[in-house]
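Visitor: below: sequence and its predicted model.
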Amino acid sequence: MSINLVEFREIYCDSCKKVLARYNVKYYSEDMVDGLIQTIHVTHTRGGHHIKIHKKKSETG
């Protein structure tokens with residue numbers, strides 16, 4: 001059995017203490033994720049929330 005690690009960028013709102021989204025690094029570049037934050041997650045940033053981007057790996061298998 002082989003375990004594959006998938007790398008993704010996790011968009012986390014530090015103010016709400018929740019994960020807003022996860023984007024696979026294979027399909028979404030840093031620039032694309034920045035653009036998504038500015039369009040999709042704009043309500044959090046305009047509301048003064050602190051958004052963090054974490055690069056993580058998850059197991060699939």
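Guide: That came through fine.

Visitor: which helix is the longest one in the protein?
Guide: If each helix of the chain is counted by residues according to DSSP state H, the longest one is helix 30-39.

Visitor: in that one, what's buried?
Guide: By neighbour count on 16 or more other Cβ atoms under 10 Å, the buried set for helix 30-39 is 33, 36-37. (Glycine included, C-beta is placed from N, CA and C.)

Visitor: stretch 11-27 too?
Guide: 11-13, 20, 23.

Visitor: what residue ranges in this protein score low on pLDDT?
Guide: For the chain, the stretches flagged by pLDDT under 70 are 1-2, 60-61.

Visitor: the strands in it, which residues?
Guide: Under the criterion DSSP state E, strands of the chain are mapped to 4-13, 18-24, 51-60.

Visitor: and Thr45, which of the ones you listed is closest to it?
Guide: Of all those, it is strand 51-60 that lies closest to Thr45, at 5.9 Å by Cβ to Cβ.

Visitor: what packs against the closest one?
Guide: Where contact means 3 or more Cβ pairs under 8 Å, 6 or more residues apart in numbering; DSSP states H and E, strand 51-60 is packed against strand 4-13, helix 30-39.

Visitor: measure the closest residue in space to Ile53 that isn't next to it in sequence to Asn24 for me?
Guide: Computed as Cβ to Cβ, 6 or more residues apart in numbering, the closest residue to Ile53 that is not its neighbour in sequence is Arg9, at 5.5 Å. Per Cβ to Cβ, to the nearest Å, Arg9 is found 8 Å from Asn24.

Visitor: so what sits against both of those two?
Guide: Common neighbours of Arg9 and Asn24 are not found (criterion: Cβ atoms under 8 Å, 6 or more residues apart in numbering).

Visitor: sorry, back to before: turn the buried residues of helix 30-39 into a markdown table, including distance to Gly47.
Guide: Supplementary listing: these in a markdown table, determined by distance: Cβ to Cβ, whole Å:
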| residue | distance to Gly47 |
| --- | --- |
| Val33 | 19 |
| Leu36 | 17 |
| Ile37 | 13 |
